[in-house]
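In: Compute the structure for the input listed below.
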Amino acid sequence: MAGTFVLITGAWHGGWAWRPVAEQLRAAGHRVLTPTLPGLRDGADPTPYTLTDVVDSVVDLVEGEDLRDVTLVGHSWGGYVITGAAPRLAARLRKLVFWSAFVPAEGRSLYDEVPPNYQALFDGQAQASGNNSVAMPFEVWQAAFMPDASEDVQRMAHGLLVPQPMQYFTETVVPLDRETLGVPVAFLLGEDDVALPPGEFGWGRFADRLGVAPVPVPGSHEACFTRPAELAEALLKA
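Out: Residues are numbered from 1 along each chain as shown. A predicted model of the protein is given here:
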């Protein structure tokens, strides 16, 4: 049965990052929306917005378009966004899907959930930026986020990234209450995803927070570029 997908990106990305996946989903007969979130457009001022503004923008999109039977998908930092939006949109949702995404805990920001080396990176970038934003260094992107692509492709994709407002990493949202939400939830986990290192800070702990088993999908943290057909298939089956 055809439905609607709303795909929420991770940090540094705009809706453009979902295009290869969106084309696959549309070919299967689904409507797909891939919003670029506030503060993440090319050239946007990252300072005026809060994480609440981002959540509000997703709610406004779904309600403004009167979308129903929605599969709401969040990638990476987008897990914070869909967690904030889902309770307000529950009557409109078919399912909620986290793909290698953060699942918020009470009082914990994304900054609290990443290893100390990322915290130091974020702090240094934000302080040096002049506008409290965090850029993604190419070397980190290449090694941790998109190692399953050639250097030419890595550099092309990296060149499209925009600085991320630091406040999006330090603000919190209310955790999900799955019983109250009443919507099926799934967690997809990239088989080669090392954007968070395995172990204490690995992605698996977030599936545990949802009380679900992670569903393996091929590719790295950027499988939206490198394995879009397989990722789209996983979203359809989630």
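
In: List the contacts of the residue nearest to E23 when sequence neighbours are not counted.
Out: Of all residues not flanking E23 in the chain, P228 sits nearest, at 7.7 Å (CB to CB, 6 or more residues apart in numbering). Where C-beta positions appear, they are placed from N, C-alpha and C, glycine not excepted. Applying CB atoms under 8 Å, 6 or more residues apart in numbering to P228 gives the contacts P20, V21, E23, Q24.

In: let's see 10 Å
Out: W18, R19, P20, V21, A22, E23, Q24, L25, G219 (CB atoms under 10 Å, 6 or more residues apart in numbering).

In: mind checking the end-to-end distance for stretch 107-119?
Out: 17 Å (CA to CA, to the nearest Å).

In: Give me the residue at the spatial middle of the protein.
Out: Central residue of the chain (CA atoms, centre = their mean): H75, 2.3 Å from the mean position.

In: what about the residue nearest to Y168 when sequence neighbours are not counted, how many neighbours?
Out: Counting by CB to CB, 6+ apart, L51 is the residue found nearest to Y168 once chain neighbours are left out, at 5.4 Å. The local packing of L51 (other CB atoms under 10 Å) involves 22 other residues.

In: surely L51 meets Y80?
Out: Yes: counting by CB atoms under 10 Å, L51 touches Y80, with 6.5 Å between them.

In: Between these two, which contacts overlap?
Out: S109, L110, Y168, F169, E171, T172, V173.

In: how far away is the fifth one from G79?
Out: Read it as E171. Taking CB to CB, to the nearest Å as the measure, E171 falls 14 Å from G79.

In: can you map out the strands along the chain?
Out: 4-8, 31-33, 70-75, 93-99, 133-134, 164-165, 185-190, 215-217 (DSSP state E).

In: Next, format those strands as CSV and append distance to Q154.
Out: CSV is the format used below for these (distance: least, CB to CB, whole Å):
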stretch, distance to Q154
strand 4-8, 22
strand 31-33, 25
strand 70-75, 18
strand 93-99, 20
strand 133-134, 19
strand 164-165, 18
strand 185-190, 16
strand 215-217, 20
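
In: Centre of the chain to stretch 225-238, how far?
Out: 15 Å (CA atoms, centre = their mean, to the nearest Å).

In: burial measure for G64, as a count.
Out: Neighbours around G64, by other CB under 10 Å: 8.

In: residues in contact with it?
Out: Per CB under 10 Å, 6+ apart, neighbours of G64: none.

In: again with the one 10 residues further on
Out: With contacts defined as CB under 10 Å, 6+ apart, G74 is in contact with 6-10, 58, 80-86, 96-103.

In: got it, and R205?
Out: Contacts of R205 (CB under 10 Å, 6+ apart): F102, V103, A105, E113, L196, G199.

In: Now distance to R209 and neighbour count too, for those residues, in a markdown table please.
Out: Formatted as a markdown table, these follow (distance: CB to CB, whole Å; neighbours: other CB atoms under 10 Å):
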| residue | distance to R209 | neighbour count |
| --- | --- | --- |
| F102 | 9 | 26 |
| V103 | 4 | 23 |
| A105 | 6 | 15 |
| E113 | 10 | 20 |
| L196 | 14 | 22 |
| G199 | 16 | 9 |
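
In: Please produce JSON lines containing those, extended by pLDDT and distance to A120.
Out: Formatted as JSON lines, the contacts of R205 follow (pLDDT from 0 to 100; distance: CB to CB, whole Å):
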{"residue": "F102", "pLDDT": "98", "distance to A120": "19"}
{"residue": "V103", "pLDDT": "98", "distance to A120": "24"}
{"residue": "A105", "pLDDT": "97", "distance to A120": "22"}
{"residue": "E113", "pLDDT": "98", "distance to A120": "15"}
{"residue": "L196", "pLDDT": "97", "distance to A120": "15"}
{"residue": "G199", "pLDDT": "90", "distance to A120": "18"}
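
In: No further queries at this time; thank you.
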